[in-house]
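[1] Quick one, fold the following:
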Amino acid sequence: MSSYTMRVAFVNAIGYPHHMDTTTWVRQTTIAERLAVTRQAVGNWLERPCGFPEPVETIDGVRFWDWPTVQTWHASRTHP
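    Sure thing, here's the model as predicted:
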């Protein structure tokens with residue numbers, strides 16, 4: 001079982017509301033992979049006032065974002 005799967009199982013076990021779909025949670029590395037950018041690019045988005053979504057949760061220092069929210073943000077960006 002991956003550490004991601006274990007963390008999500010932990011979050012589900014402590015009883016988050018049912019409207020929070022933890023199956024769509026992604027880490028910074030996964031965001032970079034899915035958007036075909038570097039982890040540093042994602043890190044830059046986190047540091048800059050560009051409207052990047054806030055994490056939905058932080059567990060043991062690992063931040064998680066909702067993938068559909070990140071996708072929507074990325075699709076709405078104006079590319080020069």
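
[2] isn't there a helix covering N44?
    Yes: counting by DSSP: H, G, I helix; E, B strand; the rest coil, N44 is located in a helix.

[3] I'd like the distance between it and D60.
    Distance of N44 to D60, given as Cβ to Cβ, to the nearest Å: 24 Å. Yep, even glycine has a C-beta here, placed from its N, CA and C like the rest.

[4] cool, and V37?
    25 Å.

[5] Between those two, which has more neighbouring residues?
    V37 (14 against 7; other Cβ atoms under 10 Å).

[6] Give me the secondary structure label for the more buried one.
    Counting by three-state DSSP, the backbone at V37 sits in coil.

[7] Now it. Its backbone dihedrals?
    Torsion angles at V37 (phi, psi; degrees, to the nearest 10) stand at phi -130, psi 170.

[8] Got the confidence number for it?
    pLDDT, V37: 95.

[9] Now do the contacts for it.
    V37 sits next to no residue when contact means Cβ atoms under 8 Å, 6 or more residues apart in numbering.

[10] What is the neighbour count of W45?
    21.

[11] Now do the contacts for it.
    So W45 contacts F52 (Cβ under 8 Å, 6+ apart).

[12] Could you check how far the spatially closest residue to R39 that is not a sequence neighbour is from E57?
    Take R39 and drop its neighbours on the chain: the residue closest to it by Cβ to Cβ, 6 or more residues apart in numbering is A32, 4.7 Å away. To E57, A32 is 19 Å away according to Cβ to Cβ.
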